[in-house]
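> Structure here, sequence nowhere to be found:
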């Protein structure tokens, strides 16, 4: 079993104390977002947990405590875009805080365990293809030597973000322009020793040397942990998604980064309500188990492949 922490919220930035408490207790409770009265109890025991994938825009709050998860294979998906605070409202300074955090994290755990994400790529009068190329290269220059890979994707048209996209006057570009942009980004990254993969894109960019990403990557976690993990596509994700099956322990409408393109937040009012219910000692990320809740222990198992040699060793 692989834990995703989390596509739904920024656990490292805002909920690291809760996360480390759950690691200590070796289990976590997660509400079913489609049936909020149904709660899964998920073991975090090392015997069944093969690794953890963190998704974040700011890992600083948890970096001083990484020794507490040293027995777990893990890596970070670190999103670092070239947007100003008109798009990413509440992030710290990229130049002064987030880029140095990226570099420090890579120095601490190794560049193979810090995956850079430049996504989603969106366009309007300010954020043109030329803008993205210019500032992407500036980021590449700062991050080279501290990551191997950059994952990119174009903005998806989620219903929950339509209002925000209208406010920003977001427009589209043609498929050929997207193809040209990915090619230029790939060439730029390659000059600095970084390769690019796309996240959940239907278009094929392989003749540009750009493959399809597995953001939840069993092979990467296996290499980190020194084992071979069975890999099975996550059927709960989009058809184009290359991720290995995982269990997400996050909660929607709890991220405070304020990114205008975020599909996981539906309203500031709901976020504020959920954040007020946060308790680092709770079994659930935000809130407590109620009398009407049904808690079911989820059956999980390790993906490790155990091989016996010819000599029985």
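Received it, and whenever you're ready, just let me know what you need. Computed from a predicted structure; not experimentally measured.
> Sketch out the low-pLDDT regions of the stretch 51-200 of the chain for me.
By pLDDT under 70, the stretch 51-200 of the chain contains no weakly predicted segment.
> That one: strands as residue ranges?
Along the stretch 51-200 of the chain, counting by DSSP state E, counting those that start in this stretch, strands occupy 51-56, 74-79, 114-121, 149-154, 195-198.
> I'd like the ones you listed as TSV, with distance to residue 280 appended.
(Glycine included, C-beta is placed from N, CA and C.) As requested, these are exported to TSV (distance: least, CB to CB, whole Å):
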stretch	distance to residue 280
strand 51-56	17
strand 74-79	20
strand 114-121	25
strand 149-154	30
strand 195-198	35
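> hey, which helix is longest across this structure?
Counting by DSSP state H, the longest helix found in the chain is helix 175-191.
> List the contacts of residue 21.
By CB atoms under 8 Å, 6 or more residues apart in numbering, the residues touching residue 21 are 280-281.
> That one belongs to a helix, doesn't it?
Yes - residue state for residue 21 (DSSP: H, G, I helix; E, B strand; the rest coil) corresponds to a helix.
> how much space is there between it and residue 141?
39 Å (CB to CB, to the nearest Å).
> And for residue 94, the neighbour number?
Around residue 94 there are 21 other residues, counting by other CB atoms under 10 Å.
> So it sits against residue 80, correct?
Yes - Residue 94 is within contact range of residue 80, at 6.7 Å (criterion: CB atoms under 8 Å).
> ok, residue 283 touching residue 29?
Yes - the pair residue 283 and residue 29 qualifies as a contact (CB under 8 Å) at a distance of 4.2 Å.
> Common neighbours of the two, please.
Joint contacts of residue 283 and residue 29 (CB under 8 Å, 6+ apart) are residue 289.
> who touches residue 236 in this structure?
Residue 236 touches residue 245, counting by CB under 8 Å, 6+ apart.
> ok but it is inside a helix, no?
No - remark: residue 236 does not belong to a helix; assigned using three-state DSSP, it is coil.
> Can we start the residue count at 18 from this point?
Happy to do that; since the first residue is 18 now, the last one works out to residue 253.
> and it, how far is that from residue 266?
14 Å.
> same question, residue 71
Distance from residue 71 to residue 266, by CB to CB: 11 Å.
> Give me the common contacts of these two.
Taking CB under 8 Å, 6+ apart as the contact criterion, the common neighbours of residue 71 and residue 266 are 22, 28.
> about what we covered before: report the inter-axis angle for the longest helix of the chain versus strand 131-138.
Between the axes of helix 192-208 and strand 131-138, defined by axes from the mean of the first three to the mean of the last three CA atoms, to 10 degrees, the angle is 160 degrees.
> where exactly do the helices run in this protein?
Using DSSP H, helices in the chain cover 28-31, 33-42, 77-80, 116-126, 146-160, 179-184, 192-208, 235-242, 285-293.
> Contacts for the first one, please.
The set of residues external to helix 28-31 that reach it, using CB under 8 Å, 6+ apart, is 22, 35-36, 71-79, 93, 266-267, 271-274, 302.
> and the nearest residue to residue 48 once chain neighbours are set aside, how many neighbours?
Among residues not flanking residue 48 along the chain, residue 56 sits closest, at 5.5 Å (CB to CB, 6 or more residues apart in numbering). Counted with other CB under 10 Å, the neighbours of residue 56 add up to 20.
> contacts for stretch 96-116?
Outside stretch 96-116, the residues that touch it by CB under 8 Å, 6+ apart are 72-75, 77, 119, 133-136, 139, 143-144, 148-149, 152-153, 155-156, 159-160, 185, 273-278.
> residues of it that come out buried?
Taking 16 or more other CB atoms under 10 Å as the neighbour-count basis, stretch 96-116 is seen to contain the buried residues 96-100, 104-105, 108, 111, 115-116.
> How about stretch 271-281?
Judged by neighbour count (16+ other CB under 10 Å), stretch 271-281 contains these buried residues: 271-274, 276-281.
> In the stretch 218-330 of the chain, mark out all the strands, start to finish.
In the stretch 218-330 of the chain, the strands defined using DSSP E, counting those that start in this stretch lie at 228-229, 264-265, 311-314.
> possible to save these as JSON lines with distance to residue 206 and mean neighbour count?
Supplementary listing: these in JSON lines, determined by distance: least, CB to CB, whole Å; neighbours: other CB atoms under 10 Å:
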{"stretch": "strand 228-229", "distance to residue 206": "13", "mean neighbour count": "16"}
{"stretch": "strand 264-265", "distance to residue 206": "28", "mean neighbour count": "21"}
{"stretch": "strand 311-314", "distance to residue 206": "44", "mean neighbour count": "11"}
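> As a markdown table, these with distance to residue 167 would be great.
What follows is those, written out as a markdown table (distance: least, CB to CB, whole Å):
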| stretch | distance to residue 167 |
| --- | --- |
| strand 228-229 | 12 |
| strand 264-265 | 23 |
| strand 311-314 | 39 |
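> Among these, which comes closest to residue 291?
Ranking the strands of the stretch 218-330 of the chain by proximity to residue 291 (CB to CB) places strand 264-265 first, at 16.0 Å.
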